[in-house]
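S.K.: Got a sequence here, can you model it:
(chains A, B and C)
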Amino acid sequence: MQATLTSLVLVLIVVGAVVLVASGIWWFTPLASNWSEIDGALLITLAVIGIAFVVLNLFLAYLVLRYRHREQGRAQFIPDNPKIEKVLIGVTALGIVILLAPGLFAYSRFISPPRDALTIEVLGEQWRWSYRYPGPDGKLGRANPKLISPKNLFGIDLSDPAAQDDILSYTELHLPVNRPVLLHIRAKDVLHSFFIPSFRAKMDAVPGMVTHYWFIPTREGKFQAVCAELCGIGHHRMQSPVIVESSERFQEWLAKQPTVAATVKP
Amino acid sequence: MIANHGSNGHRELFIAPGRVGLWLFLGVATMVFAALVSAYIVRMGSADWHGLPKPGLLWVNTGILLLSSAALQWARLRERQGDSTNARLGVIAGAVLSALFLLGQIWAWGVLHRLGYFLATNPSSSFFYLLTGVHGLHLVGGLIVAAWTVRSPERFQLFVTYWHFLTIVWVVLFTLIVLT
Amino acid sequence: MSLHNNHGGFWTKYIFSQDHKVIAIQYTITALLIGLFGLVLSWVLRLQLGFPGSFQFLNPGSYYQILTQHGMIMIVYLLTAILLGGFGNYLIPLMIGARDMAFPFLNMLSYWVYLLSVIVLMAAFLVPGGPTGAGWTLYPPLSALPNAAPGSGWGIKLMLISLVIFIAAATMGGLNYVTTVLQCRTKGMTLMRMPLSVWGIFIASVMALFAFPALFVGGVMLLLDNLLGTSFFIPTVTLLGQQLPREGGNPLLFQHLFWYFGHPEVYVVILPAMGIASDLISTHSRKPIFGYKAMVIALAAIAAIGFIVWAHHMFVSGMNPYFGFFFAVSTLIIAIPSAVKVYNWLLTLWRGNIRFTTPMLFGIGWISTFIIGGLTGLPLGNVIADVPLHDTYFVVGHFHLVMGVAALMAILGGIYHWFPKVTGRMLNETLGKLHFWVTFVGAYMIFFPMFLLGILGVPRRYFDFNILGYLPPQTGLLNIVITVAALTVGAVQLLFLGNLIWSALKGKKAEANPWQATTLEWQTPTTPPPHGNWGAETPTVYRWAYDYSVPGAERDFIPQNVPAPALVGATRIESTL
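M.R.: The predicted structure is shown next:
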């Protein structure tokens, strides 16, 4: 009875887990960036561990049913079996190589941004995201956290000529479709993490440092950036719209945003 | 004390548990100072790090601590020879020198204070107070335990080992402070 | 102190006792009580997530405070304390045939210092501003700056002070456990004859000794940053529109110190649980643990590699991205010894004679939950797969299953297993089985859906999910299901506590060796064992700990202290070592 129940529950857990996954209700958001490699590496990993989960639990269910206590029975004295152990270690190592190798290749691409990427600065603070785009010169001007003030929310170094034409957005992140983007991520106060689920990428924003990641938006539409690092009582409200649009509409939008020269005073 | 170790007689190389415990603790303390030194080295790389004036007194203190270790070592050797009169002399010398070292360290804090280097002035001063403070607390803790156990020759031997350890740690910390 | 000083009166016998068994019970009761408090905190969190906005007394600030306290209490003050202070204290001397710990006074002191740390921790609930809400990881600058997070006044200071006190207690305990295992084993108890419970606790204690100093140093520096205005971890920041007089500090430095402690800490919890589970599984399936030597080597390997994987918690922290390659590889290498252990538990059941006692059910529950908890660590260790999953509900599901549920399976199974020796009475088996089934099935219902929420991209530590524009409409229902399951599992833990109390007073009287086990603690002359454990002589050990179902033997177990007329089992294992 006990054995049957245990075995049955283990099988039902496996079935329930598979059904819940297969229902597809909660799964990846549709991918909107070039990072199909991330999805690929993650899916391979999930497949390997999914198979291991099902096989090992079903084997456990079989064992508890098959080798349940019998009054007359006696266990077999099997202290070890080096042959079986070696085979199992080999299979495990193989599984790990299968899931790790594509992951490491994808990771090396993830940390090597292309040279022609559009550079955009992301600034996190309690509890909102703001953005700075380079102006016509294509370069972001220097910034220094010590210069941050109510009139200079980014701490932009106005003595840097490259800073004058920089463009600021305090609400939304607009991106041109199909163009590589490299984010320079900063934080004003505490740790934040700039996470765009549809792009699959995130990176902590750390005060005193500039962190980076890159991607290519591949689909026009409205997405969402959220904060993924506890940053105080407004953490769960810290988000920002991410709008991917054609290059022309992006340029139109950019032209309407305030420049540093026009708005930031020392 | 429950006779716990009687049945261990069959092993040829028996080490007293106190000794094992002490060496383990020295391992733990090494980890503490290693973590501090790593943090020091990482933080040193920042642009806001400024050098700290090094009071000459620190050299004197270092000498005193080395002497206290030497005195205790001498006492330990005398003790092993059964020469308890001289051993006691060594212990007293060691205790006085240790107290002098601690006073000297506090004095060094005062010197830095008068020069305007407080705990939060610069990471270099923060680390100076932190390193000397943690090291000093280890010394004070050692003295408290020693006052309690010094009558047992076996434990006195362990205490001297502990003292040598702290002397070595100080030489390392002092070198780090002087060089940076 | 002599062996027979049990006349010392109530105070020295039950309160300021130096008897490892009394100290073990003190540790266990204290840890269970504070754990119960941590459990109640989790109910509040789940109520908010299942029924957002229904509870007026909850706001984001108090939610994050409860979240932080729940995490810290469960990991440090419950799991670490009960496994090392509770099981370690009770089992080590009895299982290796010693009369007590190597340093009984230090052992007693360890408990009282632990209790002090718990009191300081709890005091944070009474001070102005309440306990800290900076997350159990206590990352600066959030934790260090005034008014950045709730409880940034007294709360964070008491938290750090409590941790420093706890580290002192854990160090005193750890020195004892390690020294006792090395120096106080009885005649014939070679290292390779020790039960795996002792191996797990021993290796975990070594890890704790060398990992806690990093937290100690990080904690003291953070305290100085918070209290005295230093800038160890604080760079130039503008908080609430005000630029603070700090500069140059490095927030990542704290993360390195924290995880240099924090990852080994995971193994400090899991290694003893592995050892205990091994003994439960072997004893109740009446079969030697499969591959004993491999099990010991795997424990040691996990511990050794466990010290060089810490930065897998920091893949998206902004550290040098090239570290990612190293830490991904080292992390996934650890999966191999962990997998070996899972195979060996399964192969122990294979051709066994499994008795479905309550401890065994928890042993089976341990295997299943450790499998799912362990496997889901692989995507998080595989650096690129961690990028989308980091700090989402996937992580919450993973660590709860592996170091929460799985570890609790071993702990609860261990309590059902050793309770007869500790009290001389059996726990009620019917209640025990009910306890197991609700806990086991409930745990899957609570934590499995979290993996899917994580894959979807739901960040952890959210007071509510209102802003997330990409949640399917059924998510609200899912959160209600999780909450109901959590409350049910919580309620059944209360039933367990009732069972503990009732059985300790009124339970069926236990035999000296009710499970017919081989290890020494079941061979004491009296049950419960008196101060000093053994009679006139400590036992002599003649064989390893797993002589179950030895062919040719009269019964299906041979205790370790039974001399060996050349039996197949004993000789075979001696020759392989």
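S.K.: Next up, identify which helix or strand the residue of chain C at minimum distance from chain A is on.
M.R.: At 2.6 Å from chain A, C:P235 is the closest residue in chain C, using C-beta to the nearest C-beta. Where C-beta positions appear, they are placed from N, C-alpha and C, glycine not excepted. According to DSSP states H and E, C:P235 maps onto no helix or strand at all.
S.K.: Next, give phi and psi for it.
M.R.: Per-residue torsions, C:P235: phi -80, psi -170 (degrees, to the nearest 10).
S.K.: so it sits right up against A:G208, yeah?
M.R.: Yes. Under the criterion of C-beta atoms under 8 Å, C:P235 is in contact with A:G208, at a separation of 2.6 Å.
S.K.: Which residues are in contact with each of the two?
M.R.: A:P145, C:G248, C:G249, C:N250, C:P251 (C-beta atoms under 8 Å, 6 or more residues apart in numbering or on different chains).
S.K.: Which one of those residues is nearest to chain B?
M.R.: Distances from chain B to the shared contacts of C:P235 and A:G208, taken by C-beta to the nearest C-beta, are shortest for C:G248, at 3.2 Å.
S.K.: For that closest one, which non-adjacent residue is closest in space?
M.R.: B:D48 (3.2 Å; C-beta to C-beta, 6 or more residues apart in numbering or on different chains).
S.K.: Which single residue in chain B comes nearest to chain C?
M.R.: B:D48 (3.2 Å).
S.K.: isn't that residue right next to B:P123, touching?
M.R.: Yes. The criterion here is C-beta under 8 Å, and B:D48 meets it with B:P123 at 6.9 Å.
S.K.: These two: which is more packed in?
M.R.: Counted by other C-beta atoms under 10 Å in any protein chain shown, B:D48 and B:P123 do not tie: B:P123 has more neighbours, with 25 against 15.
S.K.: tell me the contacts of the more buried one?
M.R.: For B:P123, counting by C-beta under 8 Å, 6+ apart, the contacting residues are B:R43, B:M44, B:S46, B:D48, B:W49, C:T230, C:S231, C:F232, C:G248, C:G249.
S.K.: all helices for the stretch 251-400 of chain C, in order.
M.R.: C:251-284, C:292-306, C:323-349, C:358-375, C:377-381, C:383-389, C:393-399 (DSSP state H, counting those that start in this stretch).
S.K.: so can I have JSON lines of those showing mean neighbour count and distance to chain A?
M.R.: As requested, the helices of the stretch 251-400 of chain C are exported to JSON lines (neighbours: other C-beta atoms under 10 Å in any protein chain shown; distance: least, C-beta to the nearest C-beta, whole Å):
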{"stretch": "helix C:251-284", "mean neighbour count": "27", "distance to chain A": "6"}
{"stretch": "helix C:292-306", "mean neighbour count": "19", "distance to chain A": "6"}
{"stretch": "helix C:323-349", "mean neighbour count": "21", "distance to chain A": "4"}
{"stretch": "helix C:358-375", "mean neighbour count": "26", "distance to chain A": "4"}
{"stretch": "helix C:377-381", "mean neighbour count": "24", "distance to chain A": "4"}
{"stretch": "helix C:383-389", "mean neighbour count": "28", "distance to chain A": "4"}
{"stretch": "helix C:393-399", "mean neighbour count": "23", "distance to chain A": "10"}
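S.K.: looking at the ones you listed, which is closest to B:L103?
M.R.: Minimum separation from B:L103 across the helices of the stretch 251-400 of chain C (C-beta to C-beta) falls at helix C:251-284, 31.7 Å.
S.K.: Say whether chain B is contacted by the closest one.
M.R.: Yes. For helix C:251-284, a contact with chain B is found by C-beta under 8 Å from any C-beta of the partner chain, at C:L253, C:H256, C:L257, C:Y260.
S.K.: Would you state the strands of chain A in chain order?
M.R.: Per DSSP state E, chain A carries strands over the ranges A:118-125, A:128-133, A:167-169, A:173-176, A:181-187, A:192-196, A:201-205, A:211-215, A:221-227, A:239-245.
S.K.: Quickly list what's touching both of B:D48 and B:P123.
M.R.: Contacts common to B:D48 and B:P123, judged by C-beta under 8 Å, 6+ apart, are C:S231, C:G248.
S.K.: Was I right to think B:L139 contacts B:L103?
M.R.: No. Using C-beta under 8 Å, B:L139 is not in contact with B:L103; the gap is 11.6 Å.
S.K.: in chain B, which spans are strands?
M.R.: Going by DSSP E, chain B shows no strands.
S.K.: contacting residues around the nearest residue to A:V260 once chain neighbours are set aside?
M.R.: In this structure, A:V260 finds its nearest non-sequential neighbour in A:D166, 4.5 Å apart by C-beta to C-beta, 6+ apart. A:D166 sits next to A:R132, A:Y133, A:P134, A:G135, A:L140, A:G141, A:I156, A:T259, A:V260 when contact means C-beta under 8 Å, 6+ apart.
S.K.: All set now, cheers.
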